[in-house]
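In: sharing a model prediction with you, sequence too.
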Amino acid sequence: MSRPLRPRAVLSALSVLVLLSACGGSGKEAPGKGTAASDAPAHGDAIIEGSIGDISGFLSAVTTDASSHEAAGYVFNGLVRYDKDLRLEGELAESWDISPDGKKITFRLRKGVTWHDGAPFTSDDVMFTYRRMIDPKTPTAYGEDFKQVKRASAPDPHTFVAEYARPFAPALASWGMHILPKHLLEKHPDISRSPLNKKPVGTGPFRFVEWKTGEKTVFDANPAYFEGKPYISRVVTRVIPDLATMFLELKSGGLDLMNLTPLQYTRQTETAEFRKSFNRFRYLSSGYTYLGFRLSHPFFKDSKVRQAIAHAVNKKEVIEGVFFGLGQEATGPYKPGTWPYNPNVKRYPHDPSKAKELLAEAGWKEKDGDGVLKKDGRRFEFTVLTNAGNENRAKTAAIIQQNLSAVGIKMEIRTVEWAAFINEFVKKRKFDALILGWNITPDPDQYDVWHSSKTGPDELNHIGYANAEVDRLLEEGRRTFDTGKRKKAYFRIQEILAEEQPIVFLCYPDSLPAVHKRFRGIVPAPAGISYNFIQWYVPKGEQKYTTFRQ
Amino acid sequence: MYRYIVRRVLISVPLLIGISLITFGVINMAPGGPIGISSDLNPKATAEYRERLKAYYGLDRPIYVRYGQWLGRMAVLDFGDSFSPDGRKVWDKIRERIPVTLSINLLSMATIFLIAVPIGIYSAVRKGSLFDRIATVTVFTGFAVPTFWLALLLMILFGVHLGWLPISGLVSLEHDSLPLAGRVADRAKHLVLPIFLAGFGGLAGISRYMRSNMLEVIRQDYVATARAKGLPERKVVFRHAMRNALLPVITILGLSVPDLLGGSVIFETIFAIPGMGQLFYQGVMSRDYPLIMGILTIGAFLTLLGNILADVGYALADPRINTGRTG
């Protein structure tokens, strides 16, 4: 339910934890028009959400799981955030200036903002947060962006200045990091051990009420919130680890909101009864699945072979068979409908004869009639790896297996438990090919995934992609704040990736949330539906939970 | 007897240490680690961060040093701090889950014994009867049916269609605002399905055990004697046969002690019950070594304790058991 907090590229295997991934295209299925007088916005009622995992703490600097970040998003604010079109806008910062050389960002902070305990929010808090982010005693995974800051200063209570040695475009988004209350945390050298990690005090739209470990978290609307008190008075997130149970809870009225699976969306919520109580939404999620190759592998060195595989794989069949048609063919690493996305790149329609042709050009020929291509005495056989427990990926692999056998390539499928998969195979580069997914971050900087310097065991370019022009463009894209220049760089990168097919981009799956019909004011946008959560409301006459208030 | 107990307890200490040594080794050898949870495939996680985190959790020291430290802490009953970002004490995390798991397990175990023992006796007495056959089929069905599947079916029936019972969780959201009677009823309602399922699945073991014990006892001479001297059948069954057939059940009770605190992952996941099973599963998935070690140590301790209790109880109840007492 949270807004995208910061650019994060965590594998979408982990994002299964996200109940509602907060990004997407558009498309609401059921109209929720509210013009009648009885539909007027009103305060009150509670929303009950389900989450498959318990949170691990409220200070998002030290947590990395989606559930925790979501929960923290109710209580805390950053200086900036992404708006409904996934562009940065001010949150605790009213506005900001970037110096002409791009090295200095000056934030002007909102005045009159208070912490939930009544203390005023000032630039001291921002400075304190910055210092804690670079403090070696803070076990944070997000310190790197802040270490780029050469000098930070707070000239007055409502101004904060960050200076960088070089312009660094993703740095702006890093200030979406939740700002911490200095007056409550000063005395705790390790913020993860502070009471605030269990009982947070923030500036956000909701105040913390309780956290029953393994059971639920509860928040109440903050009447003093600087953007106005949220209409919904209480947010309860219940931990329900099993998705089938969660769905039954939703159907029986125990939950108001959950992300449906494609199966639930197409086969189990078509009933009149369900449609009477719930609105379903559908928009692109912020991720894509792909078939990646170890590019040093003798088979996959040749871009012709990769292009042939791209032609051989029937992406439509994958989307139909795995996602029940609820997704879009992927063409590159950015999301359609957002500014970095280049719609005019080379596409690879399903074309087995073209695939065979390209393979023949690369020297792979059928010789002895056993149906498998050969070259220099080697049969075209390889193993694709994917993580166990992700049914979608296993199904995708099965479809691709069939597609490839039609052009004379024999592909074995092997699924491996997640930790072993990452540590024993991906990090050690012991794979021929793999099926995985990446999250698409709102900031287009994908230096870590594509740059040729990022091929160390713990780094993310595990396919070993190296292209001098892409390297240069990635560098260019992150060193300017000029959206026009950045767009140009990222457009070109997409052209090169589409041409070279270092990975076969398979599919952008849809996000499919269902929300109880009594909630109004939900307007899907590229950012999903949760960006305007504080404006969601339930008309007085339809409010369900009215007895919880003290 | 006294010496027997002391000896058993003394033997348990090296046994417990051995178990902890093996588990510590195994969990540390499993692929992945606590650092990977936050740093794998995270572009913001630099090499320097990994090193810092390793030092933060003390993972930069060799494994035998860490085991030594862990053992040292355990000697004063300190389970250490969890590796989870909340950094809470392992013991606090375990303690808050104990009441839930313990109460559910006690209730389901009581249900199982109350139903399974009579079924077993009756089946044995009326061996081959219609009741015996129906009971056999029923208890084996309960044993064989996948719990998660039956659970979902029952949830759909009683939760969604009939609306009689809540689907998941331990209490409803209104729980805290209810009067005492309402709170008790609320909890009870939430427990019906989990305990029914646990009971249904567990009947087979005890009832079959009871049945075969009973069948054996009924063939004994003293039962024939009892019958021969003209005692009514009921007296023969309950006074003479059943009491002896129940003896081995003491062993089962003792061996069930560790189960009291070992929650079931499947159950707790399906019913969204925040018990020990879920805690342990989370601990394993996030490679939270101190938490895993804490739970496993408690489990090992209870297992050994249960064994001793079972042996002692058996020795007390059955004079034929030799406890090494001389004379």
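Out: It's in.
In: what segments of the stretch 101-250 of chain B are helices?
Out: All helices of the stretch 101-250 of chain B, identified by DSSP state H, counting those that start in this stretch, fall at B:130-144, B:147-154, B:180-218, B:221-228, B:233-235, B:243-255.
In: show me what the third one is packed up against.
Out: Put plainly, it is helix B:180-218. helix B:90-125, helix B:130-144, helix B:147-154, helix B:243-255, helix B:265-270 (3 or more Cβ pairs under 8 Å, 6 or more residues apart in numbering or on different chains; DSSP states H and E). All C-beta spots, glycine's among them, are computed from the backbone N, C-alpha and C.
In: one step back: what would the helices of the stretch 101-250 of chain B look like in TSV with mean pLDDT, mean neighbour count and distance to A:Asp510?
Out: Formatted as TSV, those follow (pLDDT from 0 to 100; neighbours: other Cβ atoms under 10 Å in any protein chain shown; distance: least, Cβ to Cβ, whole Å):
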stretch	mean pLDDT	mean neighbour count	distance to A:Asp510
helix B:130-144	90	15	39
helix B:147-154	90	17	25
helix B:180-218	88	18	33
helix B:221-228	85	13	70
helix B:233-235	82	10	68
helix B:243-255	79	17	51
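In: of the helices and strands packed on helix B:180-218, which is nearest chain A?
Out: Among these, helix B:265-270 comes nearest to chain A, with 4.5 Å by Cβ to the nearest Cβ.
In: CA atoms only: put whatever helix or strand comes next after that closest one into CSV for me.
Out: Downstream of helix B:265-270, the first helix or strand assigned by DSSP states H and E is helix B:276-285. What follows is helix B:276-285 as a C-alpha-only set of coordinates in CSV (Å, rounded to 0.1, in the frame of the first residue of the first chain):
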residue,chain,number,x,y,z
MET,B,276,5.8,-21.2,17.3
GLY,B,277,5.6,-22.9,14.0
GLN,B,278,5.3,-19.7,12.1
LEU,B,279,8.1,-18.1,14.2
PHE,B,280,10.4,-21.0,13.4
TYR,B,281,9.5,-21.0,9.7
GLN,B,282,10.2,-17.2,9.5
GLY,B,283,13.4,-17.8,11.4
VAL,B,284,14.6,-20.4,9.0
MET,B,285,13.6,-18.4,5.9
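In: and the host helix or strand of B:Ala310 with chain A, contact?
Out: Taking DSSP H and E as the definition, B:Ala310 sits inside helix B:289-317. No - for helix B:289-317, no contact with chain A is found by Cβ under 8 Å from any Cβ of the partner chain; the gap never falls below 11.8 Å.
In: quick one: buried residues of that helix?
Out: If you call a residue buried by 16 or more other Cβ atoms under 10 Å in any protein chain shown, then helix B:289-317 has these buried ones: B:289-304, B:306-312, B:314-315.
In: same for it, what does it pack against?
Out: helix B:2-29, helix B:63-75, helix B:90-125, helix B:243-255, helix B:257-261, helix B:276-285.
In: mind checking the ones you listed for the one nearest to B:Val192?
Out: B:Val192 lies closest to helix B:90-125 among the helices and strands packed on helix B:289-317, at 10.5 Å (Cβ to Cβ).
In: can I get the helices and strands packed on helix B:180-218 in CSV with distance to chain A?
Out: Listed next are those as CSV, based on distance: least, Cβ to the nearest Cβ, whole Å:
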stretch, distance to chain A
helix B:90-125, 6
helix B:130-144, 21
helix B:147-154, 6
helix B:243-255, 28
helix B:265-270, 5
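In: and the spatially most central residue of chain B, how far is that from B:Thr303?
Out: Residue closest to the mean C-alpha point of chain B, counted by Cα atoms, centre = their mean, is B:Asp259 at 1.6 Å. Distance, B:Asp259 to B:Thr303, by Cβ to Cβ, to the nearest Å: 9 Å.
In: apart from its chain neighbours, what residue comes closest to the residue nearest to the centre of chain B?
Out: B:Asn105 (6.3 Å; Cβ to Cβ, 6 or more residues apart in numbering or on different chains).
In: for that neighbour, list the residues it contacts.
Out: If you count contacts by Cβ atoms under 8 Å, 6 or more residues apart in numbering or on different chains, B:Asn105 has them with B:198, B:259-261, B:263.
In: quick one: it from A:Arg379, how far?
Out: Distance from B:Asn105 to A:Arg379, by Cβ to Cβ: 56 Å.
In: got it, and A:Ala154?
Out: 66 Å.
In: between those two, which one's more packed in?
Out: Each of A:Ala154 and A:Arg379 has its neighbours counted (other Cβ atoms under 10 Å in any protein chain shown); A:Ala154 has more, 19 against 16.
In: report the secondary structure state of the more buried one.
Out: Secondary structure for A:Ala154, judged by DSSP: H, G, I helix; E, B strand; the rest coil, is strand.
In: skip the chain neighbours and tell me the closest residue to it.
Out: A:Ser123 (3.7 Å).
In: check A:Glu469 too.
Out: A:Ile496 (6.3 Å).
In: how about low-confidence regions in the chain?
Out: Just going to use chain A. A:1-37, A:548-550 (pLDDT under 70).
In: wait, I meant chain B there
Out: Chain B contains residues with pLDDT under 70 at B:263, B:319, B:321-327.
In: can you pull the contacts of the residue nearest to B:Leu107 when sequence neighbours are not counted?
Out: Excluding its sequence neighbours, the residue lying closest to B:Leu107 (Cβ to Cβ, 6+ apart) is B:Ile195, at 5.3 Å. Contact analysis of B:Ile195 by Cβ under 8 Å, 6+ apart lists B:104, B:107-108, B:111.
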